[in-house]
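In: quick one, fold the following:
(2 chains)
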Amino acid sequence: MLNRKSAFAAFWIFTLALFTVATARVIYYTPDEATMGPIQKVFYLHLPVAINTFLACLVTFVASIGYLSSRTSWWDDLASAAARVSVQLCTIVLLTGMIWGKCAWGQWWTWSPRLTFSLVLWLLYTVYLIIRSSIESAERRALISAVYAIIAFLDVPLVYLSVRLMPDIHPASIELAPEMKLTLATWFAAVTVFTAGLIAAKYGLNRMERGLLSRSEQNAQVAAVGGFAC
Amino acid sequence: MTAVSQILLLISKDVRIEARSRQTLGLVTVLAVLIIVVLGLGLGGRPAAFDATAVLWVAYLFSGVLCFEKTMSVERHDGALAALMIAPMDRGVIYAAKLISNLLLMFAIAAIVTPAGVLFFQFDLSAAPLQFAAVMAAAMIGFAAVGTLFSAVASSTRLQGGLLAMMIFPITLPLVITSTQMLIHLFRDHEPIGGLGLGILLAFDAIFLTVSWLVFEWVLEP
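Out: Residues are numbered from 1 along each chain as shown, chains lettered A, B, ... in the order given. Predicted coordinates:
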């Protein structure tokens, strides 16, 4: 039977293999898009990462509701892990979007609805992380961040609808050949597995950190009681 | 004592404090006018009339944050909030009262600041003054709903002032985007107010009034 360390190693080897297959598909088995040329291939990373950003935000939302209803610390650790991953993924979405924008429209940034939406999403969850690092009390931190995370997630559809009022230069839809669809599916699988692994790894770190902190607090209390007794 | 009379009592207390000290209204109005002047000069002294909606929003946002901070910090003096929390009333009543106090302050500030913006930016409001007021009022209700909640969070966790703005601004961006786009369509393109824009503003108000009222109890701490 696999122990925890071997399972962890096997998971990341599997993820690496998926990324290798996905990269090989993009380079060797996927034709260039007619109008955009090779730069369109950034799309195979951009779209799966964007979808996984939403999934990570959804995990933060669910975990925050879980924390408010049960007040157990592991929900808070899960919410924090997922929020951290969502910010990292959203950064990739913004960067790949900007690369696309530079090649397609000749400028790194345009106030197009989708880029604006990604930026607002990034801001919402970056602030979540800043709030977490600004509150000392662990209980207050968990409570306030859970409230903020729920409000931030409820804000996402409103942001999406509001940016649709802005003028758009994005393509409404992209026609994909069957090879392109298969490549996109491969990238989606790789990025999703990677996201799940990242959230799990950060969650594990959060649990470990919480365990160490509570142990050091217990030791400090024991030392204080010992000092008082002497 | 009914919830409505409790709310009215708390609002009248806030209004009386403000009428006697005149601290918040004076300070915030001057700040808002300063923002308009600085942005007007920063835009080259000859800003376009349609910049006015965005500039007014910047003034409303910053003055609003200051209002939220002030109205909640009043309760910090002499343990007033702790006394309020042990009073036999629902915490939702405290939220509703603070929300309405904040809205009254923001409407008062807007009544002074908007004419200043119109004057400095040669923004012709006469084409649709009622629609302008309706859009801004709907947006301000949502802004105050979120701001009142997070001002309680910031005051109870001793977070620094800048963090309150940081918490409120990204959440309220749909209001800013929607209302500015609606006003641009209204005044520049002479199009009527769209159903989607109005729907977004009202949905924002409904969602965040409900959620903030529900969670206010948890975040409030003396």
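
In: now do the contacts for the residue nearest the centre of chain A.
Out: Computing the C-alpha centroid of chain A and ranking residues by C-alpha atoms, centre = their mean puts A:Ser86 first, at 2.1 Å. Listed by C-beta atoms under 8 Å, 6 or more residues apart in numbering or on different chains, the contact set of A:Ser86 reads A:Thr53, A:Ala56, A:Cys57, A:Thr60, A:Leu121, A:Tyr125. Bear in mind the C-beta positions are built from the backbone N, C-alpha and C, glycine included.

In: with adjacent residues omitted, what lies nearest to it?
Out: Excluding the flanking residues, the one nearest A:Ser86 by C-beta to C-beta, 6 or more residues apart in numbering or on different chains is A:Ala56, at 3.7 Å.

In: what strand or helix carries that neighbour?
Out: helix A:43-70 (DSSP states H and E).

In: re earlier: ramachandran coordinates for the residue nearest to the centre of chain A?
Out: Main-chain torsions, A:Ser86, degrees, to the nearest 10: phi -60, psi -40.

In: quick revisit: any idea how far A:Leu89 is from the residue nearest to A:Ser86?
Out: 6 Å (C-beta to C-beta, to the nearest Å).

In: residues touching residue 76, list them.
Out: Went with chain A since none was named. A:Ala63, A:Tyr67, A:Arg141, A:Ala142, A:Ser145, A:Ala146.

In: chain B, not that one
Out: B:Arg76 neighbours (C-beta under 8 Å, 6+ apart): B:Ser155.

In: re earlier: now the common contact residues for A:Ala56 and A:Leu89.
Out: A:Thr195.

In: let me know the angle separating whichever strand or helix holds A:Ala189 from helix A:43-70.
Out: Taking DSSP H and E as the definition, A:Ala189 sits inside helix A:178-229. With axes from the mean of the first three to the mean of the last three C-alpha atoms, to 10 degrees defining the directions, helix A:178-229 sits at 40 degrees from helix A:43-70.

In: which other helices and strands does helix A:178-229 contact?
Out: Using 3 or more C-beta pairs under 8 Å, 6 or more residues apart in numbering or on different chains; DSSP states H and E, the elements in contact with helix A:178-229 are helix A:4-24, helix A:43-70, helix A:73-105.

In: ok, the residue nearest to A:Ser86 - contacts?
Out: Here A:Ala56 is in contact with A:Ala82, A:Ala83, A:Val85, A:Ser86, A:Leu89, A:Thr195, A:Ile199 (criterion: C-beta under 8 Å, 6+ apart).

In: distance check, it against B:Leu27.
Out: Distance from A:Ala56 to B:Leu27, by C-beta to C-beta: 41 Å.

In: picking up where we left off before, out of the contacts of A:Asp76, which comes closest to A:Ile39?
Out: A:Ala63 (36.9 Å; C-beta to C-beta).

In: hang on, that closest one packs against A:Ser73?
Out: No - A:Ala63 is beyond contact range of A:Ser73, at 11.2 Å (criterion: C-beta atoms under 8 Å).

In: mind checking which of those two has more residues around it?
Out: Neighbour count, other C-beta atoms under 10 Å in any protein chain shown: between A:Ala63 and A:Ser73, A:Ala63 has more, with 24 against 16.

In: contact residues of chain A facing chain B?
Out: A:68, A:116, A:120, A:123-124, A:127, A:130-131, A:134-135, A:137, A:140, A:143-144, A:147-148, A:150-152, A:154-155, A:158-159, A:161-166 (C-beta under 8 Å from any C-beta of the partner chain).

In: thanks a lot, catch you later.
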